[in-house]
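Novice: sequence below, structure please.
(2 chains)
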Number of protein chains: 2
Amino acid sequence: MAETTDGKQERLRQICAIAARVFYEKGYDGASMQDIATAVGLTKAGLYHHVGSKDRLLYEIMNYGMDILDETVLKAVAPIADPREKLRQTILGHIDLVIRARDLEITVILHENRSLKGALRKKINARKKSYIRFVEDLIAQVQRQAPAPMRSGPAAPALPPRLAAYALLGMINWLYQWYRPEGLIPQSELAEAYVDFFFRGLLGPSG
Amino acid sequence: MAETTDGKQERLRQICAIAARVFYEKGYDGASMQDIATAVGLTKAGLYHHVGSKDRLLYEIMNYGMDILDETVLKAVAPIADPREKLRQTILGHIDLVIRARDLEITVILHENRSLKGALRKKINARKKSYIRFVEDLIAQVQRQAPAPMRSGPAAPALPPRLAAYALLGMINWLYQWYRPEGLIPQSELAEAYVDFFFRGLLGPSG
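Specialist: As a prediction, the model looks like this:
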């Protein structure tokens, strides 16, 4: 009762982190509020007091995941002026976010996309769209900045920035389905290979 | 009782197609066998008689989805000798498979990846791996075949075929999350743009 707003926020984030793990393991539909209460160490009533409903909890997890994207990737690239370096760092940051197994909020965003309904889904989708537009806009800037030789020649017409953005996000987001950090391919090798591949696909070999 | 093996197989595929829609709408964990029995028009006991268990049903759906991949995409490209054209047609066929909303078996394979457990999961994963190896091998052939100018120069080292294959499958498989056939981008435009982007990323602009 005497919790401050910051304390409440911090407690909610702790609950989100644990609940994300339960949703990751059992699926949103398969996990009960009792499962989550047990994992968090609350009674079911206590959990409802903190999060309101299961739907709301999923929303809070996704919202927290988008906060993590903002606070790590977007904040880090904000001071970078050069569009190309800014895009490169965004790609590296996004790959890192998907690969780091501890941020299961990100996996829940990627996997439980359709589990959220109504107004809460709209709110999360608005945040996702704003990120996609950010990437799309950076791609368009990089395309405009590319020296003429890369844009002329017998090459195919430039890839529309929106399609390029979705191709990029697909490559990266799909990592949660197959990539294992403990496997044969180190993250740094994967990340550099993906960056090279993407820029070459976008701009040609000097990309 | 008098059903032939073919008749049984056909009946199982019908059940799979309907159950795939129920799993798509409710999620594997959220859908009950009663939901599926109702959708198929069987009693719950009748459904169990046909499919054995919910786990087995998920396996049959995924297996059927892999059959569709074999029977449409892989069969169509089998006679093509040129690796590059073969890879191009494989990409177009795979995109078509993910986009066509009626083949929800494919979406279930993509989305319920982790819902299947144990021996059945291993069997599906073996079929998936065999497809990934097919794509990876085609990519390696295309890289070897590429004329020297594309492989030399100041370009970055060639993308390892395995990473190229996963980047490609990520781009394509992620379509189920965002692409709407009724939206602004026609499938043909999307497919050509993705093919161009992928070959350029792999080989440079003459790709």
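Novice: what pLDDT does the residue nearest the centre of chain A get?
Specialist: The centre of chain A sits closest to A:Ile106, judged by Cα atoms, centre = their mean, with a distance of 5.3 Å. With respect to pLDDT, A:Ile106 scores 84.
Novice: now do A:Met1
Specialist: In this model, A:Met1 is scored at 44, pLDDT.
Novice: which residue, other than its chain neighbours, is closest to the residue nearest to the centre of chain A?
Specialist: A:Gly65 (5.0 Å; Cβ to Cβ, 6 or more residues apart in numbering or on different chains). (Glycine included, C-beta is placed from N, CA and C.)
Novice: thought A:Val98 was touching the one you found, still the case?
Specialist: No. Counting by Cβ atoms under 8 Å, A:Val98 is not a contact partner of A:Gly65; they are 10.8 Å apart.
Novice: overlap in contacts of these two?
Specialist: Jointly contacting A:Gly65 and A:Val98 under the rule Cβ atoms under 8 Å, 6 or more residues apart in numbering or on different chains are A:Ile106.
Novice: who has more neighbours out of these two?
Specialist: The residue with more neighbours, out of A:Gly65 and A:Val98, is A:Gly65; 23 against 20, by other Cβ atoms under 10 Å in any protein chain shown.
Novice: ok, back up a step: who's in contact with the residue nearest to the centre of chain A?
Specialist: A:Gly65, A:Ile68, A:Leu69, A:Leu97, A:Val98, A:Tyr176.
Novice: host element of the residue nearest to A:Ile106?
Specialist: Taking DSSP states H and E as the criterion, A:Gly65 maps to helix A:54-69.
Novice: could you do A:Ala81 as well?
Specialist: Per DSSP H and E, there is no helix or strand for A:Ala81.
Novice: that one: what's it in contact with?
Specialist: With Cβ under 8 Å, 6+ apart as the criterion, no residue contacts A:Ala81.
Novice: any idea how far A:Gln89 is from it?
Specialist: Note on A:Ala81: its distance to A:Gln89, by Cβ to Cβ, to the nearest Å, is 12 Å.
Novice: with adjacent residues omitted, what lies nearest to A:Leu190?
Specialist: Closest residue to A:Leu190 apart from its sequence neighbours, by Cβ to Cβ, 6+ apart: B:Leu163 at 6.5 Å.
Novice: quick one: pLDDT of the one you found?
Specialist: 95.
Novice: you'd agree it is up against A:Ala193?
Specialist: Yes. If you go by Cβ under 8 Å, B:Leu163 and A:Ala193 touch, sitting 5.0 Å apart.
Novice: okay, and the helix or strand of chain A with the least pLDDT?
Specialist: helix A:148-151 (a mean of 52; mean pLDDT, DSSP states H and E).
Novice: roughly how far apart are the residue nearest to A:Ile106 and chain B?
Specialist: Distance of A:Gly65 to chain B, given as Cβ to the nearest Cβ, to the nearest Å: 15 Å.
Novice: what sits against that residue?
Specialist: So A:Gly65 contacts A:Ala20, A:Asp103, A:Glu105, A:Ile106, A:Val108, A:Ile109 (Cβ under 8 Å, 6+ apart).
Novice: of those, which belong to strands?
Specialist: Residues of the contacts of A:Gly65 located in strands (DSSP state E): none.
Novice: what's the closest of the residues you listed to chain B?
Specialist: A:Ile109 (10.9 Å; Cβ to the nearest Cβ).
Novice: how about A:Asp96, secondary structure?
Specialist: Assigned by DSSP: H, G, I helix; E, B strand; the rest coil, the conformation of A:Asp96 is helix.
Novice: run the chain-centre distance for the top helix by length along chain A.
Specialist: Longest helix in chain A by number of residues (criterion: DSSP state H): helix A:118-145. Relative to its chain's centre, helix A:118-145 lies at 12 Å (Cα atoms, centre = their mean, to the nearest Å).
Novice: show me what counts as buried in it.
Specialist: Of all the residues in helix A:118-145, those buried under the rule 16 or more other Cβ atoms under 10 Å in any protein chain shown are A:120-121, A:124, A:127-128, A:131-132, A:134-136, A:138-143.
Novice: repeat that for stretch A:13-26.
Specialist: Applying a neighbour-count criterion of 16+ other Cβ under 10 Å, one finds A:Arg13, A:Ile15, A:Cys16, A:Ala17, A:Ile18, A:Ala19, A:Ala20, A:Arg21, A:Val22, A:Phe23, A:Tyr24 buried in stretch A:13-26.
Novice: with just CA atoms, put that stretch into PDB.
Specialist: What follows is stretch A:13-26, C-alpha atoms only, in PDB (Å, rounded to 0.1, in the frame of the first residue of the first chain):
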ATOM      1  CA  ARG A  13       8.600  -5.400 -14.400                       C
ATOM      2  CA  GLN A  14       9.700  -8.300 -12.100                       C
ATOM      3  CA  ILE A  15       6.300  -9.900 -12.500                       C
ATOM      4  CA  CYS A  16       6.500  -9.400 -16.300                       C
ATOM      5  CA  ALA A  17       9.900 -11.000 -16.500                       C
ATOM      6  CA  ILE A  18       8.800 -14.100 -14.600                       C
ATOM      7  CA  ALA A  19       5.400 -14.400 -16.400                       C
ATOM      8  CA  ALA A  20       7.300 -14.000 -19.800                       C
ATOM      9  CA  ARG A  21       9.200 -17.200 -18.900                       C
ATOM     10  CA  VAL A  22       6.000 -19.100 -18.000                       C
ATOM     11  CA  PHE A  23       4.300 -17.900 -21.300                       C
ATOM     12  CA  TYR A  24       7.400 -18.900 -23.200                       C
ATOM     13  CA  GLU A  25       7.400 -22.400 -21.700                       C
ATOM     14  CA  LYS A  26       3.600 -23.100 -21.700                       C
END
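Novice: is chain B contacted by it?
Specialist: Yes. Against chain B, stretch A:13-26 shows contacts by Cβ under 8 Å from any Cβ of the partner chain at A:Lys26.
Novice: what is the rounded mean pLDDT of that stretch?
Specialist: The model assigns stretch A:13-26 a mean pLDDT of 91.
Novice: so which residues of chain A form helices?
Specialist: Listed in chain order, the helices of chain A (DSSP H) span A:5-26, A:33-40, A:44-51, A:54-69, A:75-77, A:83-99, A:104-111, A:118-145, A:148-151, A:161-173, A:175-178, A:187-203.
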